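> Predicted model and sequence follow; I will ask about them next.
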Amino acid sequence: MLPAPRCYLNHACDANAVSDADTVYARRDIAAGEEVTLDYRVNAWDDGGIWEMTCRCGAFPEAHVVAGDFFSLPPELQAEYAPYAPAFIRADYHLRRAADPGA
């Protein structure tokens, strides 16, 4: 289970916040009354044991499957989220970028 406050935040594919180990940061302005959301994939990577969930966050017109894997994110989101990802994901991210700089 995630530590507070992250354990109280729902997933959204177009999340308005991001978090590191113990702090939540806004990715954009969040309106009063708007739900604060995170993209769960930022903290997800399990070599061979990737989880999946059906997502109805509203970022897409239909429900869709989200794979619990940081590296399933588009490259531009990986770059944005990498500073907030756990250390083991950041290390793998940098290794992958060094091996394939165009990715």
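Right, received. Where do you want to start?
> drop to CA atoms for contacts and neighbour counts, all remaining ones
Noted.
> Contacts only, for the spatially most central residue of the chain.
The centre of the chain sits closest to Val42, judged by Cα atoms, centre = their mean, with a distance of 2.7 Å. Going by Cα atoms under 8 Å, 6 or more residues apart in numbering, Val42 touches 69-70, 81-82, 84-85.
> Pick out the most distant pair among those residues.
Spatially, the most separated pair among the contacts of Val42 is Asp69 and Tyr84, at 14.5 Å (Cα to Cα).
> one step back: make a markdown table from the contacts of Val42 and add secondary structure to it.
Converted to a markdown table, the contacts of Val42 look like this (DSSP: H, G, I helix; E, B strand; the rest coil):
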| residue | secondary structure |
| --- | --- |
| Asp69 | coil |
| Phe70 | helix |
| Tyr81 | helix |
| Ala82 | helix |
| Tyr84 | helix |
| Ala85 | coil |
